[in-house]
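Participant: Take a look and give me a structure for this.
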Amino acid sequence: MTKTIPRFRLAVAAAVCVCAFFSPLQAATLPSAKLPPATEKEMAEKARISDMRRNIVYKRMGDLKFTLDLMLPLKTTGPDGKPLFPEGTPLVLNIHGGGWKGGHRYMHYATNEEVRQFSDNGIALATVSYRFADNNGNTIADCVTDCFDAVRYLSLHAKEYGLDPSRMLVYGHSAGGHLTLMMLFADPVVFPGDPSLAGATFRFVGGVALSPATTFVDKEAWLPSDWVLRPGNFEAAFGGTPGEKHDLAKKVSPYEWLRRDIPRTLVIHGEEDPTISLPGSERLAQKARALGADLTLLRIPRADHGFRGNRVPTKTVHRRMIADNLVEMAQPPPPAKK
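Facilitator: Now for the predicted structure:
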């Protein structure tokens, strides 16, 4: 039997569909905050192995919402019943890559294995979405500002989530590796964001940057195949040519911010990276040695930008290098000897 739907109901249904398609919520979603359907199962597993808080709004610009996911640890006490971290839960920030103009916070570098390892060690993990810089009025400096605003928000809400804002860590790959170094090295005051987040205090104690861009002004750090030399990339990300945007390029170059008292930093880079070449990380490590800064460069032989390659010796363990080092960096320093 065929059921006839009155025209009025059809019209209402059509209007609802149109309104849903053009809803303010959809218009207000950052591209990097959209959950790909293929990752929904993975997010469900993350929620099982951590205390998941999804789509926390860390700031607004007009009707645009900036969001992050926070995964609090399920384990907070040791075998003796005492808190693993009496001053609050350390927080690891994961920043996704994508050339500052793509990607999303559900990308593979915040794996379930890492979430489980952090949760089992009493450490929280946050994954953040930020604006893209692609000939749209935004620049890489806006990417940096958004990441700092996410940290500011979490610092101001540290008591609500049981976090220790003085024990923060960060990691990311490619563009996320660059933003990781900016979180570790740069002065957040130079990247003011949402006024409602001003006054937040926090401290990074360590981080891991994979395949990072370290400078946008030192041409000796680039090879001809590098992202920064490919036609149009610099102009799209900075809103002008290298000559026109030299000061801005210098402002977002981690190499320029490197100082002796940086947090503990591990840089992991493939020797055959054709996208962001190794010389940039080598020059960063050389400067760190000269300054006496706590920075280690781990070179991966025969590995490309994504740590793929022929017989890459660490391709099955380099992920553990991330989590293992961050867990160790999160530990409080041993008591000073009397």
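
Participant: Doesn't L266 lie inside a helix?
Facilitator: No - L266 is assigned strand when assessed by DSSP: H, G, I helix; E, B strand; the rest coil, not a helix.

Participant: Neighbours of it, how many?
Facilitator: By other C-beta atoms under 10 Å, the residues close to L266 number 20. For the C-beta atoms, the positions are set from N, CA and C on the backbone; glycine is no exception.

Participant: Let me know whether it touches N325 as I believe.
Facilitator: Yes - in terms of C-beta atoms under 8 Å, L266 counts as a neighbour of N325; the distance is 5.4 Å.

Participant: anything in contact with each of these two?
Facilitator: Jointly contacting L266 and N325 under the rule C-beta atoms under 8 Å, 6 or more residues apart in numbering are G206, V208.

Participant: and the gap between the nearest residue to L197 once chain neighbours are set aside and Y58?
Facilitator: Leaving aside its sequence neighbours, L197 sits nearest to R152 (C-beta to C-beta, 6 or more residues apart in numbering; 3.9 Å). For R152, the distance to Y58 (C-beta to C-beta, to the nearest Å) stands at 8 Å.

Participant: where does the stretch 1-150 of the chain dip in pLDDT?
Facilitator: Applying pLDDT under 70 to the stretch 1-150 of the chain picks out residues 1-28.

Participant: Now do the contacts for the residue nearest the centre of the chain.
Facilitator: Central residue of the chain (C-alpha atoms, centre = their mean): I95, 1.0 Å from the mean position. By C-beta under 8 Å, 6+ apart, the residues touching I95 are V128, Y130, C147, V170, Y171, G172, G176, L179, T180, M183.

Participant: of those residues, closest to G103?
Facilitator: G176 (7.8 Å; C-beta to C-beta).

Participant: thinking the closest one is in contact with G99, fair?
Facilitator: No - between G176 and G99 there is no contact under C-beta under 8 Å: 10.3 Å.

Participant: For the two, work out which one has more neighbours and name it.
Facilitator: Neighbour totals were compared for G176 and G99, and G176 leads with 30 against 19 (other C-beta under 10 Å).

Participant: how close does the more buried one sit to W222?
Facilitator: 19 Å.

Participant: ditto for S155
Facilitator: For S155, the distance to W222 - C-beta to C-beta - is 35 Å.

Participant: what does M168 give?
Facilitator: 31 Å.

Participant: elements contacting the host helix or strand of the residue nearest to L197?
Facilitator: Element membership for R152, per DSSP states H and E: helix 140-156. Helices and strands touching helix 140-156, by 3 or more C-beta pairs under 8 Å, 6 or more residues apart in numbering; DSSP states H and E, are strand 51-61, strand 64-72, strand 89-95, strand 124-128, strand 163-173, helix 175-185.

Participant: Of all these, which one is nearest T201?
Facilitator: Nearest of the helices and strands packed on helix 140-156 to T201, taken as C-beta to C-beta: strand 163-173 at 6.6 Å.

Participant: helices or strands next to that closest one in the packing?
Facilitator: The helices and strands touching strand 163-173, judged by 3+ C-beta pairs under 8 Å, 6+ apart, are strand 89-95, helix 140-156, helix 175-185, strand 204-210, helix 318-330.

Participant: re the thing from before, looking at M168 and W222, which is more packed in?
Facilitator: Neighbours per residue (other C-beta under 10 Å) separate M168 from W222, with M168 holding more: 27 against 18.

Participant: What sits closest to H246 if chain neighbours are left out?
Facilitator: V217 (6.4 Å).

Participant: Distance check, that neighbour against H178.
Facilitator: 13 Å.

Participant: between those two, which one's more packed in?
Facilitator: H178 (29 against 18).

Participant: Show the contacting residues for that one.
Facilitator: Listed by C-beta under 8 Å, 6+ apart, the contact partners of H178 are W100, I140, G172, A209, P212, A213, T214, V252, P254.

Participant: How about L169?
Facilitator: Contact analysis of L169 by C-beta under 8 Å, 6+ apart lists P90, L91, V92, L93, F204, V205, G206, G207, L326, M329, A330.

Participant: Show me which of those is closest to H305.
Facilitator: G207 (19.2 Å).

Participant: number of nearby residues for the closest one?
Facilitator: G207 has 28 neighbouring residues, counting by other C-beta under 10 Å.

Participant: Wait, it touches M183, no?
Facilitator: Yes - the pair G207 / M183 is scored as a contact, 6.8 Å apart, by C-beta under 8 Å.

Participant: my guess is F216 meets V228, correct?
Facilitator: Yes - the criterion here is C-beta under 8 Å, and F216 meets it with V228 at 6.2 Å.

Participant: Find residues that contact each of these two.
Facilitator: Residues touching both F216 and V228 by C-beta under 8 Å, 6+ apart: F234.

Participant: out of those two, which sits in the busier spot?
Facilitator: Shown here are F216 and V228; by other C-beta under 10 Å, F216 has more neighbours (27 against 22).

Participant: quick one: that one from H246, how far?
Facilitator: As for F216, its distance to H246 is 9 Å (criterion: C-beta to C-beta).
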